[in-house]
Each structure stands twice: as C-alpha cells, then as structure tokens.
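1. Can you look at this prediction? I've put the sequence above it.
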Amino acid sequence: MNSTRGSRSTTNPPVTLLKPYDPELLQWEMQQIQLAITRRAYELFETRTREHGHDWEDWFQAESELLRPVSIAMSETADRFSLRANVLGFSEAELKVSVEPKRIAILGRRNITLAGAEGTPPADMYPDLILRFIDLASDVDPAGAVIEFQSGVLKFELPKAVKQESKAAAASKV
C-alpha cells in the first residue's frame, strides 16, 4: 500500500555569517536604549509619587516594557564556548553583535511594518528591541569568533584565548 502522506522538505534554512561590530561603536548605539530604560524607570518612580525603595522594581518594569526577552543556551569545553541566543522575529539586518574577551553584546532593532486593517494590533506583541549582555567565565579570542544566524537563532562559536603563561611555558620547553 502506498503512503498518502505529503512529502516534507528537507532543505535547511540558509545560514548567514555575521560580522561582529566594534564594541566601542556598538556601545554608543546601546546607550540610546539604556537612556530610554532610565527615562521609563524614572516615569514609574514619579507615578508612584516619588516613593523611594522601589528602584529595582521600576528598572525591571521599564526593561520588560521596552526590551524583548532573549533566552540563552551556553556550553563550554576546554578550548571553546558555544552559545545560542533566541532572536526569533528579527532578521540578520536588524541585529548587531560584538565580542569582547569576557563579554558578548547583542543589539536588535526590529523594523515594523503593519499590514492589515487600521487599529488591528500586531500579531507579535513583544517589544521590538533587544539589548543583551552575556558575561563569559573565561577569556575568548574575539578575532576567532564565528557568528551565524539561522531561523531566528544566533549561534556563537568562541575559541578560548590562549593564556600568556601557557605560551611562555610552551616556549621554555622548546
């Protein structure tokens, strides 16, 4: 008997390599978002008639209103970090990343075009900004970083930096 099931496509979505941005230049762009969070947290403080003692609550509320949550999965081996960040809903053109020896930064600004009837809320109600910093347990080599974007996931392969004392010990053995 022949199967009547439809055939599934076995083609994988394309993988795009992303070039990391200079951390100092990216910091300037991130500063605008950090200032917007600060302003919103202050507005929340003022709506509470300037009642002190809720600064963290106001800050986290402002972040939750302005920033999209990004889940992270990370694994580490002796020579590298592998990291996955869920940035579903963003295209590679809307994302900027930087890699520093001890930190990764992700900035996302989604360009929204609303299609459909006026007054219809967008299908995706999450905020259209990402600002995420990921601290690393040990130094990595930013020059050796490979960053891929595929199907709403940023994939980082980060080789660990070779420590100077390891180089000196290897040289003394020769």
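-> Structure's in. What do you need?
2. Can you list the residue ranges for helices in the protein?
-> 23-47, 55-66, 164-173 (DSSP state H).
3. want to throw those helices into a markdown table with mean pLDDT and distance to residue 86?
-> C-betas here are computed from N, CA, C, even on glycine. Formatted as a markdown table, the helices of the chain follow (pLDDT from 0 to 100; distance: least, Cβ to Cβ, whole Å):
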| stretch | mean pLDDT | distance to residue 86 |
| --- | --- | --- |
| helix 23-47 | 91 | 19 |
| helix 55-66 | 90 | 17 |
| helix 164-173 | 57 | 35 |
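4. With respect to residue 128, which of those helices lies nearest?
-> The minimum distance between residue 128 and the helices of the chain falls on helix 55-66, with 9.2 Å, by Cβ to Cβ.
5. circling back: format the helices of the chain as TSV; extra columns: mean neighbour count and distance to residue 85.
-> Formatted as TSV, those follow (neighbours: other Cβ atoms under 10 Å; distance: least, Cβ to Cβ, whole Å):
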stretch	mean neighbour count	distance to residue 85
helix 23-47	14	15
helix 55-66	15	17
helix 164-173	9	30
